[in-house]
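Participant: Quick one: sequence plus predicted model below, questions after.
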Amino acid sequence: MNETQLKIFIHAADCGSLTKAADRLFLSPPAVMNQVNALEADLGVKLFRRSPRGITLTEAGESVYKDAKSLLKSYDRLVRNAREAAARSPFLIRVGTSFLAPCKVLMDLWAKVNDKFPQFKVQIVPFEYTNETILPILENLGTDFDFIVSPCDSIRWRSLCNFHKLGEYEIAIAVPYSHPLAKEKQITLDDLNGETLLMVKRGDSIALDQIRNKIEKEHPQIQIEDTPYFYDFHVFNDCEQRQCAMLTLAGWADIHPTLKTISVDWKYTMPYGLIYPLKPSEDVLHFLDIIME
């Protein structure tokens, strides 16, 4: 049993439907069902009665629902108190993390040297990454957190933050597991002829605009459909629900459980690395120097 399972369980109970809970949480229905099933298995009880009209709580489910809400309130209070205490440290580094910008790469680097710099404390701060929220988040870097680890080829992003490159992700294609191409390990653009391809609209990424130019010139049989400049979970869900293809990154291969990421026979990549404020504090610069070394 974990926090994620309890939160998904509460959403499902409030919605009276696993499908509606999945929509609210930007997850697929199978992912929500798996979490609920895992929670039931851990507790050894049935939490829901299932019917064609939806789901209702069992007596055990009512008990768990009440206690889970109380437990999560206590957990939130614990996290808040811990963060407030950590914030009093003069060498606190806050690292944002989200499903499209997980912080594991940075934390793996920090784990190699953190014993040499005990004066630094690193705090992980979850944030909501959506097409609407990401630009305000970048504009306010240094307020809620100091670093994000993310792909960054966006002209607008680069105007709002500093970027230190750590590596490159291969630009790839994702399709639902039920798609005919899902059995392939690598494809060519010819394999996408006649397909609809979701990709970021023109004008904000040099690499993606190059791919678009190539497709429009050499493969007009591929139907490009624009997405917002910045992907969020809605785009991944749209790809799965419409059974089409989408441009993605190899580093996002595990983002959506019902999509398979496939290599493409080309050499297009996108840089990823540390994103930090345009006007970083001395502590942030010192921490960055440690990571760079």
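Facilitator: Here it is on my side, so go on. Residues are numbered from 1 along each chain as shown.

Participant: okay, stretch 180-187 in CSV with CA atoms only?
Facilitator: What follows is stretch 180-187 as a C-alpha-only set of coordinates in CSV (Å, rounded to 0.1, in the frame of the first residue of the first chain):
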residue,chain,number,x,y,z
PRO,A,180,0.5,-2.7,-36.4
LEU,A,181,3.9,-0.9,-36.0
ALA,A,182,4.2,-1.8,-32.3
LYS,A,183,5.9,-5.1,-33.2
GLU,A,184,8.8,-3.3,-34.8
LYS,A,185,12.0,-2.4,-33.0
GLN,A,186,12.9,0.3,-35.6
ILE,A,187,11.0,1.9,-38.4
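
Participant: The stretch 151-293 of the chain: strands as residue ranges?
Facilitator: Secondary structure of the stretch 151-293 of the chain by DSSP state E, counting those that start in this stretch: the strands cover 162-176, 186-187, 196-200, 223-227, 245-249, 259-264, 269-276.

Participant: which strands and helices sit next to the last one?
Facilitator: Applying 3 or more C-beta pairs under 8 Å, 6 or more residues apart in numbering; DSSP states H and E, we find strand 269-276 packed against strand 148-151, strand 162-176, helix 282-292. All C-beta atoms are positioned from the backbone trio N, CA, C, and that covers glycine.

Participant: hang on, residue 30 packs against residue 256?
Facilitator: No - the pair residue 30 / residue 256 is not scored as a contact, 10.8 Å apart, by C-beta atoms under 8 Å.

Participant: TSV for the helices and strands packed on strand 269-276, including mean neighbour count and distance to residue 246?
Facilitator: Conversion of the helices and strands packed on strand 269-276 to TSV gives the following (neighbours: other C-beta atoms under 10 Å; distance: least, C-beta to C-beta, whole Å):
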stretch	mean neighbour count	distance to residue 246
strand 148-151	25	15
strand 162-176	19	5
helix 282-292	15	32
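
Participant: Turn those into JSON lines, including mean pLDDT and distance to residue 23.
Facilitator: Shown next, in JSON lines, are the helices and strands packed on strand 269-276 (pLDDT from 0 to 100; distance: least, C-beta to C-beta, whole Å):
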{"stretch": "strand 148-151", "mean pLDDT": "95", "distance to residue 23": "25"}
{"stretch": "strand 162-176", "mean pLDDT": "96", "distance to residue 23": "18"}
{"stretch": "helix 282-292", "mean pLDDT": "90", "distance to residue 23": "38"}
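
Participant: how much space between the spatially closest residue to residue 181 that is not a sequence neighbour and residue 196?
Facilitator: Of all residues beyond its chain neighbours, the one nearest residue 181 is residue 175 (5.1 Å), with distances taken as C-beta to C-beta, 6 or more residues apart in numbering. Distance, residue 175 to residue 196, by C-beta to C-beta, to the nearest Å: 11 Å.

Participant: ok, back up a step: please list all residues in contact with the residue nearest to residue 181.
Facilitator: Taking C-beta atoms under 8 Å, 6 or more residues apart in numbering as the criterion, residue 175 is in contact with 181, 182, 239, 244, 245, 246, 259, 260, 262.

Participant: Quick one: neighbours of the nearest residue to the third one once chain neighbours are set aside, just the number.
Facilitator: It refers to residue 239. On the basis of C-beta to C-beta, 6+ apart, the spatially nearest residue to residue 239 that is not a chain neighbour turns out to be residue 246, at 4.2 Å. Residues lying near residue 246 (other C-beta atoms under 10 Å) number 26.

Participant: residue contacts, residue 246?
Facilitator: The neighbourhood of residue 246, defined by C-beta under 8 Å, 6+ apart, consists of 173, 174, 175, 197, 198, 199, 227, 235, 236, 239, 259.

Participant: isn't the fourth one right next to residue 223, touching?
Facilitator: Yes - because the distance of 6.8 Å satisfies C-beta under 8 Å, residue 197 is recorded as touching residue 223.
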